[in-house]
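[1] take a look and give me a structure for this.
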Amino acid sequence: MIIMQTFYWDCPKSENKENAWWNFVKNKLPELSNAGITTLWLPPSAKSSHIDSMGYAPYDYYDQGEFDQKGGKKTWFGSVQELKLLISAAHSASMTVIADAVLNHCDKGDAEETNPISGMKAFTKFTPLSGKFLRDWTYFHPCEYELADDGAFYGNTEGYYLPDLCHDNPYTYLELINYIRWLRDRNSGIGYDGFRYDAVKYFDSWIVQSIQEWQKTFGVVEYWDGDKNAIKGYLDYIKWSVSAFDFPLFYTLRDMCNNPNFDMRNLWGNGLVYDIPMNSVTFCENHDTDRSQPIVTDKMMAYAHILTHEGVQCIYWRDYYNYGLALPGTPNGIEKLCQVNKKYAGGSTSLLYTDQNLYIAQRNGWGNQPGLIVLINNSISAWRGTWVQTKWSNKKMICSAWQGRDLSQPMDKWTNGAGWGEFWAPPRGYAVYVPESI
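    Predicted coordinates:
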C-alpha cells in the first residue's frame, strides 16, 4: 500500500486551481496508478467558515461543495459532484481514497453565545444550510457532560474563541458517527474508504477506537510526537485499531538528509517501522512539516528508505510534482522507487551492515515479492560500499534504482555461493539492488 497525500498548504491558490483541485487530482490518476500509488489521501472536504480554507476547521460537515454559503457554493477544492467523480475514478483505477477526518474542533459559528459554565463568549451557534449537525454551546467544552478538555486546539484566534467538541455529549457523538457513516456511504454519501484522523492528541482516544471497530477500515492517526513509546502507548490504548504516522522516523530521516555528519548507525531502530511495521505509516514530508521543519537537502535518501522498508508509505504531492522528485521514466526518482516497492519489497527487513556513513538493509521477500538490497550513503563526496552476506547465492543483482551527487550508474553485482556480494552507493545517495528475474 502506497498513499499519495494529494495536497499541500494553500495548494489551490499556489497552482491557480482554486475551486478546481478535485478535477486536477483526477487528471493525475493514470500516472499515479502507473507509478504504483494505491491510495489517495484527500484534504478535509467539508466547508469552513471562509471559502479559501484547507478544511481543517469545519463549519458545515455535510456541505462538501453543495450549498451557497460562507463565500460560495464550492469549497476551495471544488463541488461535491467533482469530489464524487474523483473518488469514483479512483475506484475505477483500483485505488482507495482516505478522508481527512477533523473531529476535534470546528470553525467559527454563526452567532456568539455565553457558556454558562465558563462564563466565556464563543461563536458556538451553528445553523448550517445543510440542516444537519446543528450545534450550540452544549456540544462543546465545557458542558454538563465534561468540563475538562484534553487540550484546546485553537484557544483564541482572530479575536474569537473556538472551543473543542465534547464527544462525551451523546448528541455530539451520535452526530459524528452519522457523519462518518455518510462519508463512507457510496450510495447516498460521499464514498470514502478510510480515514486519517487529525490532531488526535487533542480529543479522547475512545472515539477513534469506536469508529474503527465499527467501520473496520484502514485508519491512520496524526499523533504528532517524536517519542515512539508515546505513540505506541496511544495505539495500545485503542487496541491497535489504527496505524500511526511515523513521526519518530521522519525526524531521524530529516536529520540524516539535512546533516552530512549524521551517524548512519543511528538510523536503524529510530522509528515505529522498526518496532511495529504493521502499524507504521512512513513519510518524508507533509503539509505541516513542509511549512515549519522540512527536509531541505538530499530528500531522495529519505524516500529510498521508506520505499524499501516495511510499513505503509506516504508520498507528498509537492515532493512528487512541485519539487521535481518523481523523475518519471528514470531510475533516479520517486516513481521508480514506488515501482520497485511494488515488485520487490516484501517480507521482513534485516540490517546487513552499518557504519558512520553507510547503511545496508535487506528486504527478505514474501510471496511474489522476492526482496531487495538497499544502500544509503551519507558520505558527501565518496562512493561507499562493502561486502555483505545476502539471502541470494550465485545470483546476479541488478541495480534498479539509484540517486546521489554522482549520477553514474552503480554496477550490477553477483553474489557467491555463500550469498556474499559487494555493493556500492553514490555519495549522499542510495542504490537499490534486486535479484535478476529467471
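
[2] tell me which element the residue nearest in space to the middle of the chain falls in.
    Taking CA atoms, centre = their mean, the centroid of the chain lies closest to Cys314, which sits 4.7 Å from it. Assigning secondary structure by DSSP states H and E places Cys314 in strand 312-316.

[3] point out the other helices and strands that that strand packs with.
    If you count contacts as 3 or more CB pairs under 8 Å, 6 or more residues apart in numbering; DSSP states H and E, strand 312-316 packs onto strand 2-5, strand 280-283, helix 334-344. For glycine as for every other residue, the C-beta is placed from the backbone atoms N, C-alpha and C.

[4] so which of these is the most surrounded?
    Highest mean neighbour count among the helices and strands packed on strand 312-316 (mean count of other CB atoms under 10 Å): strand 280-283, with a mean of 26.

[5] from Gly333, how far off is Val340?
    11 Å (CB to CB, to the nearest Å).

[6] that older thread, ok, the strand holding Cys314: who's next to it in the sheet?
    strand 2-5 (parallel), strand 280-283 (parallel) (DSSP bridges).

[7] would you list these in JSON lines and tack on mean pLDDT?
    Below are the strands paired with strand 312-316 laid out as JSON lines (pLDDT from 0 to 100):
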{"stretch": "strand 2-5", "mean pLDDT": "98"}
{"stretch": "strand 280-283", "mean pLDDT": "98"}
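
[8] mind giving me the domain split of the chain?
    In terms of domains, the chain is parsed into 2-105+170-344, 349-435 (source: automatic domain parsing).

[9] which one of these lies closest to Pro116?
    domain 2-105+170-344 (17.5 Å; CB to CB).

[10] how long is the closest one end to end?
    For domain 2-105+170-344, the separation between the terminal residues is 14 Å (CA to CA, to the nearest Å).

[11] rewinding a little: so what's the residue nearest to the centre of the chain up against?
    Taking CB atoms under 8 Å, 6 or more residues apart in numbering, we find Cys314 in contact with Ile2, Ile3, Met4, Gln5, Trp41, Phe245, Val281, Thr282, Phe283, Asn286.

[12] rerun that using 7 Å as the cut-off
    Going by CB atoms under 7 Å, 6 or more residues apart in numbering, Cys314 touches Ile3, Gln5, Val281, Thr282, Phe283.

[13] mind checking how far it is from Gly329?
    For Cys314, the distance to Gly329 - CB to CB - is 23 Å.

[14] ranges for the helices of the protein?
    11-14, 21-27, 29-35, 80-92, 170-184, 206-215, 228-237, 247-258, 272-275, 289-292, 300-306, 317, 334-344 (DSSP state H).

[15] tell me the helices and strands packed up against the last one.
    Okay, so that is helix 334-344. Applying 3 or more CB pairs under 7 Å, 6 or more residues apart in numbering; DSSP states H and E, we find helix 334-344 packed against helix 29-35, helix 300-306, strand 396-403, strand 429-435.

[16] relative to strand 396-403, how tilted is that helix?
    If you take axes from the mean of the first three to the mean of the last three CA atoms, to 10 degrees, helix 334-344 sits at 150 degrees to strand 396-403.
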